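*Asks:* predicted structure and sequence below. I'll ask about it afterward.
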Amino acid sequence: QVQLVESGGGLVQAGGSLRLSCAASGRTFSNYAMAWFRQAPGKERTFVADISWSSNSTYYADSVKGRFTISRDNAKNTVNLQMNSLKPEDTAVYYCAARYGVVKTTPVNYNYWGQGTQVTVSS
């Protein structure tokens, strides 16, 4: 089992920045690929970014490319999402997810999820 706890959400004006963090506990964190997803009200959960266990590979949704940066610290069992130049359409609940093995971009491939953290971007 892997337990994930997100933090860092909040209310920010358009153009501002937020840094989300996800703290993991349980199994060996470095064996797991990590990802961030988000879900806006009335919409499906969608992929935001992922990072391989070694940090050698990262991948972003087109909608956030160039504005968001995913990183991880295996020594601290954390994964972060730095979000810059935020837009109102980034408003959603952001979820951290983990899976054993290689990265994937679809929620169904992830076994472990955090409870989510709300990000609200005002215009």
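*Replies:* Received it, and whenever you're ready, just let me know what you need.

*Asks:* excluding sequence neighbours, find me the nearest residue to residue 107.
*Replies:* Nearest-residue entry for residue 107: residue 45, 5.1 Å, with adjacent residues in sequence omitted and distances by CB to CB, 6 or more residues apart in numbering. The way it works is simple: take the backbone N, C-alpha and C, and place the C-beta from them, glycine included.

*Asks:* can you show me the strands along this protein?
*Replies:* For the chain, the strands defined by DSSP state E cover 2-7, 10-13, 18-26, 32-39, 46-51, 58-60, 68-73, 78-83, 92-100, 112-113, 117-122.

*Asks:* got the contact list for residue 67?
*Replies:* 83, 84, 85, 86 (CB atoms under 8 Å, 6 or more residues apart in numbering).

*Asks:* and of the strands of the chain, who's closest to residue 106?
*Replies:* Nearest to residue 106, of all the strands of the chain, is strand 46-51, at 7.0 Å by CB to CB.

*Asks:* which other residues reach that closest one?
*Replies:* Counting by CB under 8 Å, 6+ apart, 33-39, 57-61, 64, 68, 70-72, 79, 81, 94, 103-107 sit against strand 46-51.

*Asks:* what's the ChimeraX line that selects buried ones from these?
*Replies:* Typed into ChimeraX, the line below selects the buried ones among the contacts of strand 46-51, using 16 or more other CB atoms under 10 Å:
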select :33,34,35,36,37,38,59,60,61,64,68,70,72,79,81,94,103,104,105,107
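
*Asks:* the residue nearest to residue 107: how many residues sit nearby?
*Replies:* Neighbours of residue 45 under the rule other CB atoms under 10 Å: 19.

*Asks:* before we move on, back to that, would you check which pair of the contacts of residue 67 lies furthest apart?
*Replies:* 83 and 85 (8.2 Å).

*Asks:* more crowded one of the two?
*Replies:* residue 83 (26 against 13).
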